[in-house]
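Engineer: This is a predicted model, with the sequence first.
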Amino acid sequence: MEEKYKINILDGFIDFDNTTNEFVELIITIDDKEIRTNKRVKETTKGFCYPPRYHKAIAVNLKKGSSLKVYIYEGEGQESINLDKPTFLRKKEGRKAIFKRASSVPYIWEKVI
């Protein structure tokens, strides 16, 4: 059975591959603190949105013995593209997406480094 998501830990990065045809949202914690805010995760905490078949590594500060936890929320989303801007300006801005969680219960992936 193929895994829905592929997560690899690389030197200084968490490599996440959304292998599904659905949008997902990731919230990554190290030792129970969200990596962007350094605060505990709440129901209102927002994470990284991954469109279908999107693959990207996220830089993290992992130390030996750290507890890594990735919350993966499934839901509905869409990419936001401003077609009025020239292509080279859109590429500089990067990909943007809008996401709405289908449930408040995430899939949780855990590992102690």
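Structural biologist: That came through, no problem. Numbers count the residues shown, from 1 in each chain.
Engineer: what residue lies at the spatial centre of this protein?
Structural biologist: L26 (3.2 Å; C-alpha atoms, centre = their mean).
Engineer: Low-confidence stretches in this protein?
Structural biologist: Within the chain, the ranges that satisfy pLDDT under 70 run 1-2, 80-97.
Engineer: show me where it has strands.
Structural biologist: 5-10, 13-18, 23-30, 33-34, 48-50, 55-59, 67-79, 97-101, 107-112 (DSSP state E).
Engineer: R40 is nearest to which of these?
Structural biologist: strand 33-34 (6.5 Å; C-beta to C-beta). Glycine gets a C-beta too; all of them are placed from N, C-alpha and C.
Engineer: And that closest one, what does it pack against?
Structural biologist: With contacts defined as 3 or more C-beta pairs under 8 Å, 6 or more residues apart in numbering; DSSP states H and E, strand 33-34 has no helix or strand neighbours.
Engineer: Provide the strand pairings for it, with the direction of each partner.
Structural biologist: Sheet pairing here is set by DSSP bridges, and for strand 33-34 it gives strand 23-30 (antiparallel).
Engineer: got the angle for the partner strand vs strand 13-18?
Structural biologist: If you take axes from the mean of the first three to the mean of the last three C-alpha atoms, to 10 degrees, strand 23-30 sits at 160 degrees to strand 13-18.
Engineer: residues making contact with strand 23-30?
Structural biologist: 5, 14, 16, 18, 34-35, 41, 45-52, 58, 60-62, 66-78, 97, 99, 101, 106 (C-beta atoms under 8 Å, 6 or more residues apart in numbering).
Engineer: Now, of these, which are buried?
Structural biologist: Those of the contacts of strand 23-30 that meet the buried threshold are 5, 14, 16, 18, 34-35, 41, 47-51, 58, 60, 62, 68-74, 77, 97, 99, 101, 106, by 16 or more other C-beta atoms under 10 Å.
Engineer: which ones are touching I113?
Structural biologist: I9, L62, K63, K64, G65, S66, S67, L68.
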